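Engineer: Give me coordinates for this.
(2 chains)
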Amino acid sequence: GDSVTQTEGQVALSEEDFLTIHCNYSASGYPTLFWYVQYPGEGPQLLFRASRDKEKGSSRGFEATYDKGTTSFHLRKASVQESDSAVYYCALLNTGYQNFYFGKGTSLTVIP
Amino acid sequence: EAAVTQSPRSKVAVTGGKVTLSCHQTNNHDYMYWYRQDTGHGLRLIHYSYVADSTEKGDIPDGYKASRPSQENFSLILELASLSQTAVYFCASRQGGDSDYTFGSGTRLLVI
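Structural biologist: Numbers count the residues shown, from 1 in each chain, chains lettered A, B, ... in the order given. From the prediction side, this is the model:
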């Protein structure tokens, strides 16, 4: 079945460090890919999405490129800030738009 | 502004008691979902609904019931609450197709 695997657990970085959170997916057809961000005490909110191969999604300095060849959608940011501390979820919506599949989440802590 | 409102924000329940979590959306979305969030498991789908008066089982429906009496309202019911149901619960809505989710702020449930 369809699934998403992302960097699990906690990631701790210093301000201005480079961030990469890996996301790989398994799905039939051509899924739509998403990154969600969840700040403390809130529900997840959409960061950005991508629907086709080589499409780049971006928002707030974060970006990810849909790579169908490597089935990946890695989240990157060149210089993280303390305000980026949050939980990040990679997700896919399968072909046919029936179901979302979420990764288990990555907790990012940025140390000032 | 489109919104998903959950109530209560937090609740303490006794084992074996009945718990009802409520969700109201003003997005005019057709689809509504209930997820639970646990450390190490991320977001797991409990129940969802495509239309009023109809609900579907998600990935972990055991011990939960759902009710969708109108397009705007979607409830999650724990008939006999158990310790293992201590978690944060999120309601979400979306329009369908390849649209993304709008999440509520969550309900923190503690079963003692």
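Engineer: The closest residue to chain B within chain A: how many residues sit nearby?
Structural biologist: Chain B sits closest to residue A:43 of chain A, with a gap of 3.2 Å, by C-beta to the nearest C-beta. Any C-beta I mention is one placed from the backbone N, CA and C, and that applies to glycine too. Per other C-beta atoms under 10 Å in any protein chain shown, the neighbour tally for residue A:43 reads 22.
Engineer: where does it sit relative to residue B:71, distance-wise?
Structural biologist: With distances taken as C-beta to C-beta, to the nearest Å, residue A:43 is found 20 Å from residue B:71.
Engineer: hey, what's the nearest residue to residue B:60 once chain neighbours are set aside bridged with?
Structural biologist: What sits nearest to residue B:60 in space, not counting adjacent residues and going by C-beta to C-beta, 6 or more residues apart in numbering or on different chains, is residue B:44, at 5.1 Å. Bridge pairing for residue B:44 (DSSP bridges) gives the partners residue B:36.
Engineer: tell me the contacts of residue B:44?
Structural biologist: Residue B:44 makes contact with B:35, B:36, B:37, B:38, B:58, B:59, B:60, according to C-beta atoms under 8 Å, 6 or more residues apart in numbering or on different chains.
Engineer: among the residues you listed, who's most crowded?
Structural biologist: Neighbour counts for the contacts of residue B:44 peak at residue B:35, which has 29 neighbours (criterion: other C-beta under 10 Å).
Engineer: Tell me who's in contact with it.
Structural biologist: Applying C-beta under 8 Å, 6+ apart, the residues contacting residue B:35 are B:43, B:44, B:45, B:46, B:89, B:90, B:91, B:92.
Engineer: what about the fourth one, neighbour count?
Structural biologist: What it means is residue B:46. 22.
Engineer: can I assume it sits in a strand?
Structural biologist: Yes: judged by DSSP: H, G, I helix; E, B strand; the rest coil, residue B:46 forms part of a strand.
Engineer: where does chain A come near chain B, residue by residue?
Structural biologist: Contact residues (C-beta under 8 Å from any C-beta of the partner chain) of chain A with chain B: A:32, A:34, A:36, A:41-46, A:49, A:51, A:89, A:93, A:97, A:99-100, A:102-105.
Engineer: In its sheet, which strands sit next to the helix or strand of chain A with the lowest mean pLDDT, and in what direction?
Structural biologist: Scoring the helices and strands of chain A by mean pLDDT, DSSP states H and E places strand A:100-102 at the bottom, with a mean of 91. Strand A:100-102 sits in its sheet next to strand A:86-93 (antiparallel), going by DSSP bridges.
Engineer: how far is the partner strand from where the chain is centred?
Structural biologist: Put simply, strand A:86-93 sits 5 Å off its chain's centre (C-alpha atoms, centre = their mean, to the nearest Å).
Engineer: Can you give the contact residues for it?
Structural biologist: Counting by C-beta under 8 Å, 6+ apart, A:2, A:4, A:6, A:21, A:23, A:25, A:27, A:31-40, A:44, A:47, A:73, A:75, A:99-103, A:105-108, B:42-43, B:98 sit against strand A:86-93.
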